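Q: Could you work out the structure for the sequence below:
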Amino acid sequence: QLICAVFFAAHVLVIGYLAKRMDTLKLALVQYLVCGFISLFIAIAIEMISWDMIVATTIPLLYAGIMSTGIAYTLQVVAQQHAHSSHAAIILSLEGAFAVLGGWLLLDEHLPARGLLGCALMLTGMFLSQLFPKLGSALKRG
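A: Numbers count the residues shown, from 1 in each chain. Presented below is the predicted three-dimensional model:
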């Protein structure tokens with residue numbers, strides 16, 4: 001998990017840096033192509049791929065490719081053009097919490113009290129860090 005967190009942080013920083021210096025749609029396209037080819041190579045190397053499975057999962061694959069990747073990551077790149085990387089990292093790190101809450105609210109998925117509490121704590125921490133950014137430095141000074 002630590003390696004994933006390091007790569008996630010690096011991704012947010014690199015996208016934030018590049019989004020301010022180049023066309024965001026071209027950057028998003030390059031991101032899709034690189035990730036797509038790497039994923040395809042790994043899938044061919046370690047998975048048993050058959051046309052039957054591809055046909056059976058066409059709708060979910062298209063939805064994930066268009067909505068989750070095409071739209072969501074393009075919006076991320078465009079938004080990071082105008083946002084601080086630290087703010088983007090805070091918001092993007094809450095992806096899991098938003099997914100859990102969305103599943104609970106929209107899909108009536110079961111979420112134990114511990115999960116709700118965890119999401120609430122994450123959201124509260126994010127809101128407090130954005131609403132009171134100077135509070136942390138004031139507390140450090142004593």
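Q: Can you classify Arg21 by secondary structure?
A: For Arg21, the assignment made with DSSP: H, G, I helix; E, B strand; the rest coil gives coil.
Q: Check the one 10 residues further on too.
A: Assigned by three-state DSSP, the conformation of Gln31 is helix.
Q: wait, it sits on Tyr73?
A: Yes - in this structure, Gln31 is within contact of Tyr73 by CB atoms under 8 Å, at 6.5 Å. For the C-beta atoms, the positions are set from N, CA and C on the backbone; glycine is no exception.
Q: For the two, indicate the residue with more neighbours.
A: Gln31 (19 against 15; other CB atoms under 10 Å).
Q: got a list of what that one touches?
A: Contact partners of Gln31, counting by CB atoms under 8 Å, 6 or more residues apart in numbering, are Ile15, Tyr73, Val77.
Q: I'd like to know which of those residues are part of helices.
A: Applying DSSP state H to these, the entries found in helices are Ile15, Tyr73, Val77.
Q: Return the distance of the second one relative to Ala28.
A: From Tyr73 over to Ala28 the distance is 6 Å, taken as CB to CB, to the nearest Å.
Q: Likewise for the first one?
A: Here the criterion is CB to CB. By it, Ile15 lies 9 Å from Ala28.
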